[in-house]
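Asker: sequence first, then the predicted structure:
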Amino acid sequence: MLIRGEISNLENPYILVTFLSADTLAIDTITVDGKGKFNYKSQIDTLTSFSLYLNNYESAAVVFADKGQTLKVKGDALLPDLIEVNGNEINNDLTLFKTENRELLAQRGQLLLNLSMESQWDTIGNKSVIRHDEIAKLQLLNHELISQAEEFIKKNPARFSSLILINNFFINSDNPQALERVLAYLQGNVTHTPFAARLRSYSEKINRSAEGVRMPYFMLKDKEGGNIYSHEFNGKYLLLSFVSTAGIESRETIDLLKEAYRQVNRDSVEFLTVYIDSDIYPVEYVENDSIPWRVVPEKRSWGSDIVEAYNVQYIPFNILITPDGHIKVRNIPAQGVANAIRNSSEE
């Protein structure tokens, strides 16, 4: 198998490549010349997914290759969603999808680049307003791309590329019905692949914490070491939030939740915040000491049971749970919590 490539805007003279070889994650280094050109050979016996990590893992491209094939890769490291791969049916299909949606992908790539740069700044002047506007635009672009991906899958239900698009656009969605819907489009041999089986398994998992279902059980330890059980909140609304001590968005979420907490009836509503800090433990509390509700520093971070049970894919993330223990709203904006509780109480 041979991959020939040309990637612009590389910051380093190498690319890291990873792939599964006999159930072992293999890692290799690809040398790149001054023009971003490279050749990479590997011995494989079956269809294999190669992840090419660019600019110190800041972006990545995925290449699907089989024994004896020659693949061509071309694009910009700053816009990884637009990197084109050709050389077999899967890559050609995915490149066609990118070509047909180039404008949407380019806009999304630029917004992601802007947000990445802004995340390194603190909130000064109107940067917070600008960032929220960009996030809103990003959500609209993602919605349009998801619609385009669904149309492709409906037209190509027996193509392996449809599985890849399901994984790329629906696997992290907070809409389990959408994932179920697109999985039902699949036909032919692709439905019997291990990849399809994993997608179906994931669909079943996220349905266990979808809106309308009973809240999954949890047991946590607060910052004093006391146990917190899910059943303690029976008979009350529970706002379950997942945040980090780092990042502007988490700090803003906490500030907005404090305002919401002042507006709700403390006799019928409780808040619980779980800190997901993968790099720092124990969590060092600074401004967080002033939070007037219970706080959990989750030692296992993204590997914790509650993150798995509630399918938390990113932070900040808020979940509103009803007094009878059912999930009312996933990913509810912090500024909408008080109104959601008020409106739900009036129903």
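Answerer: Received the coordinates, thanks. Numbering: from 1, shown residues only.
Asker: buried residues in stretch 233-244?
Answerer: By neighbour count on 16 or more other C-beta atoms under 10 Å, the buried set for stretch 233-244 is 233, 236-244. For glycine as for every other residue, the C-beta is placed from the backbone atoms N, C-alpha and C.
Asker: which of those sit farthest apart?
Answerer: Distance extremes for those: the farthest pair is 236 and 244 at 25.8 Å, using C-beta to C-beta.
Asker: dump the buried residues of stretch 233-244 into a markdown table; add distance to residue 168, pLDDT and secondary structure as well.
Answerer: Formatted as a markdown table, the buried residues of stretch 233-244 follow (distance: C-beta to C-beta, whole Å; pLDDT from 0 to 100; DSSP: H, G, I helix; E, B strand; the rest coil):
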| residue | distance to residue 168 | pLDDT | secondary structure |
| --- | --- | --- | --- |
| 233 | 36 | 96 | helix |
| 236 | 39 | 96 | coil |
| 237 | 35 | 97 | strand |
| 238 | 33 | 97 | strand |
| 239 | 31 | 97 | strand |
| 240 | 28 | 97 | strand |
| 241 | 28 | 96 | strand |
| 242 | 23 | 95 | strand |
| 243 | 26 | 93 | strand |
| 244 | 25 | 89 | coil |
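Asker: closest to residue 163 out of the residues you listed?
Answerer: residue 242 (29.0 Å).
Asker: returning to that earlier point: of the buried residues of stretch 233-244, closest to residue 330?
Answerer: When those are compared against residue 330 (criterion: C-beta to C-beta), the nearest one is residue 240, at 10.0 Å.
Asker: hmm, that closest one is touching residue 322, no?
Answerer: No: between residue 240 and residue 322 there is no contact under C-beta atoms under 8 Å: 11.9 Å.
Asker: how far off centre is whichever helix in the chain runs longest?
Answerer: When the chain is parsed with DSSP state H, its longest helix is helix 127-155. Between the centre of helix 127-155 and the centre of its chain there are 13 Å (C-alpha atoms, centre = their mean, to the nearest Å).
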